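> give me a model of this one.
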Amino acid sequence: MTFWDFCAPFYDIAEKANGRAYDEMLKMVRELVPSGASVLEIAAGTGTISLTAADKANAVLCTDVSERMLAVAKKKAAKRGVSNVRFGNVNIFGTGLPNDGFDVVIASQVLHLIDEPQKAAAELRRVAKTLVILPMSFTKNLRGAAKLSIALYKVFGFSPKRDFSKEDYAAFLPEIGFDGCEVRQIDGKIPMAVAVWKKV
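Residues are numbered from 1 along each chain as shown. Presented below is the predicted three-dimensional model:
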């Protein structure tokens, strides 16, 4: 069982622990999704962002590598009566989806977890027709309870390849091919940002 399978039942509780910052991130993402858009979310976890986007989108494909995460996402969609979201397993390095297949592609909290972020970023750009939205939490230089919570996640198997500050993330994005990103900062117990890359 992977870390993500293990934490699927508790994942929403962990996300909500960041309270206002997480809610502000969801609000930003929803505002960025054009009405009637087709949306792909990669590494969707329990589908909170997908379900938020579904309120405005025509159709959403909610994907993750963890079946247990997707099972939670499906239950949430059914409970809310959301009918315009489909679910599936998709590999971020090779989705098998068509070029420009989705108006908006969202990849939240994933690029710091993988060994080949450049390869993943190229795939995200390939399948996006208009926008790539990249929310991220900043786990570098935390203090107090926030630092302790990240340390606890690591005890249970959370193993990011890199930790970002807001400056690190802004520098990292062009390094992996996301030139010209707008990065919207969000203050919080664990600070966050929503980066937006527009396809020309």
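> please report phi then psi for Asp132.
In this structure residue 132 is Val, not Asp. phi -120, psi 130 (degrees, to the nearest 10).
> how near is the closest residue to Ile42 other than its chain neighbours to Gly81?
Spatial nearest neighbour of Ile42, chain neighbours left out: Ala107 (4.5 Å); criterion: C-beta to C-beta, 6 or more residues apart in numbering. Backbone N, C-alpha and C define where each C-beta goes, glycine included. Distance of Ala107 to Gly81, computed by C-beta to C-beta, to the nearest Å: 26 Å.
> out of those two, which sits in the busier spot?
Ala107 (24 against 6; other C-beta atoms under 10 Å).
> isn't the more buried one right up against Val132?
Yes - checked against C-beta atoms under 8 Å, the pair Ala107 and Val132 is within contact range at 7.1 Å.
> all the helices of the protein, in order from the start?
3-7, 11-16, 19-32, 48-54, 67-80, 117-127, 144-155, 166-175 (DSSP state H).
> TSV for those helices, including distance to Ala195, mean pLDDT and mean neighbour count?
Converted to TSV, the helices of the chain look like this (distance: least, C-beta to C-beta, whole Å; pLDDT from 0 to 100; neighbours: other C-beta atoms under 10 Å):
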stretch	distance to Ala195	mean pLDDT	mean neighbour count
helix 3-7	22	88	16
helix 11-16	18	83	15
helix 19-32	10	95	17
helix 48-54	14	98	24
helix 67-80	23	97	17
helix 117-127	11	98	19
helix 144-155	20	85	13
helix 166-175	6	96	16
